[in-house]
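Asks: Generate a structure from the sequence data that follows.
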Amino acid sequence: MTASVANLLESFEGLSERERHEAITEILRRAAMLEYPPLHDEALTQIAVMTFEELDERESADEGA
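Replies: Here you go, the predicted structure:
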């Protein structure tokens, strides 16, 4: 992660909930206008693995609570 992105995220964390929602909305709006190259099967598989790992972690945390 670059220093610029880290600074942006740190600033984001300091925002109020309303301001975070506003920032997220604007970032998503802008991201929707960008052109992305197609994802290859390997990238899609990696995303799926990461998603399931995160879901497993959340499920484990919920069981421990």
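Asks: List of residues touching the lengthiest helix in the chain?
Replies: The single longest helix within the chain, with elements called by DSSP state H, is helix 41-64. Helix 41-64 has contacts (Cβ atoms under 8 Å, 6 or more residues apart in numbering) with residue 39. No exception for glycine: its C-beta is placed from N, CA and C like everyone else's.
Asks: Figure out how far that helix is from the centre of its chain.
Replies: 13 Å (Cα atoms, centre = their mean, to the nearest Å).
Asks: The most centrally placed residue in the chain sits in which helix or strand?
Replies: Closest to where the C-alpha atoms of the chain average out (Cα atoms, centre = their mean) is residue 24, at 10.3 Å. Element membership of residue 24 [criterion: DSSP states H and E] is helix 17-32.
Asks: Would you mind listing the buried residues in that helix?
Replies: By neighbour count with 16 or more other Cβ atoms under 10 Å, helix 17-32 contains no buried residues.
Asks: Rounded mean pLDDT for that helix, please.
Replies: Computed over helix 17-32, the mean pLDDT rounds to 96.
Asks: how far away is residue 19 from residue 11?
Replies: Distance of residue 19 to residue 11, computed by Cβ to Cβ, to the nearest Å: 10 Å.
Asks: Ok, residue 3 next?
Replies: 12 Å.
Asks: of those two, who's got more company?
Replies: Neighbour totals were compared for residue 3 and residue 11, and residue 11 leads with 10 against 7 (other Cβ atoms under 10 Å).
Asks: mind checking how far the more buried one is from residue 20?
Replies: 11 Å.
Asks: now residue 65
Replies: For residue 65, the distance to residue 20 equals 24 Å [Cβ to Cβ].
Asks: Also residue 4?
Replies: 19 Å.
Asks: what's the domain layout of the chain?
Replies: 1-34, 38-65 (automatic domain parsing).
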